[in-house]
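coords please:
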Amino acid sequence: MIRHCVLMKFKSDISEAERQRLYAQIQALQNHLTGWQGFIAGANINPETGMDKGYNGGFIIDFLDEKSHLAYLADAQHQEVGAQLVVAAQDGLEGIMVFDFKF
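Just a heads-up that it's a prediction; the model follows:
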């Protein structure tokens with residue numbers, strides 16, 4: 001399995017409703033891509049002062065294998081939503097961290 005973790009530094013003017021809309025668009029990709037094993041998204045609720053480094057939201061997708069993960073990355077709809085995430089992030093790409101690992 002591949003766990004795809006995306007941490008966001010959302011701009012302060014991005015509403016919770018807009019964040020949820022973006023998460024829903026990502027989650028909807030599972031309707032035409034195979035190999036999804038799970039999806040979760042939401043706000044950072046860690047109470048440790050300073051440990052969030054400004055990341056205030058994000059999502060995790062679990063994929064069955066590398067093939068399904070790579071199909072997601074190459075998907076045109078994923079790239080469209082990804083571009084919207086870049087616009088919503090503080091400092092564009094600098095406000096997004098992606099970490100994938102195999103387990």
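
what's the first helix or strand after the helix or strand hosting Ile60?
In the assignment (DSSP states H and E), Ile60 maps to strand 57-63. Proceeding N to C from strand 57-63, the next assigned helix or strand is helix 66-74, under DSSP H and E.

helices or strands next to that next one in the packing?
strand 2-8, strand 57-63 (3 or more CB pairs under 8 Å, 6 or more residues apart in numbering; DSSP states H and E). All C-beta spots, glycine's among them, are computed from the backbone N, C-alpha and C.

can I get the CA coordinates of it in CSV?
Output of helix 66-74 as CSV, limited to C-alpha atoms (Å, rounded to 0.1, in the frame of the first residue of the first chain):
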residue,chain,number,x,y,z
GLU,A,66,2.1,2.0,-6.8
LYS,A,67,0.2,1.6,-10.0
SER,A,68,-3.0,3.1,-8.6
HIS,A,69,-0.9,5.9,-6.9
LEU,A,70,0.8,6.8,-10.2
ALA,A,71,-2.6,6.7,-12.0
TYR,A,72,-3.9,9.3,-9.5
LEU,A,73,-0.8,11.5,-10.0
ALA,A,74,-1.2,11.5,-13.8
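
circling back to that earlier point, dump the helices and strands packed on helix 66-74 to a markdown table, plus mean neighbour count, distance to Lys102 and mean pLDDT.
Below are those laid out as a markdown table (neighbours: other CB atoms under 10 Å; distance: least, CB to CB, whole Å; pLDDT from 0 to 100):
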| stretch | mean neighbour count | distance to Lys102 | mean pLDDT |
| --- | --- | --- | --- |
| strand 2-8 | 19 | 6 | 98 |
| strand 57-63 | 21 | 10 | 98 |
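
OK, contacts around the residue of the chain most remote from its centre?
Distance to the chain centre peaks in the chain at Thr49, reaching 22.9 Å (criterion: CA atoms, centre = their mean). For Thr49, no contacting residues are found, by CB atoms under 8 Å, 6 or more residues apart in numbering.

what's the one helix or strand Met97 maps to in contact with?
Element membership for Met97 (DSSP H and E) is strand 96-102. With CB under 8 Å, 6+ apart as the contact definition, strand 96-102 has outside contacts at 1-9, 55, 66, 69, 85-86, 89.
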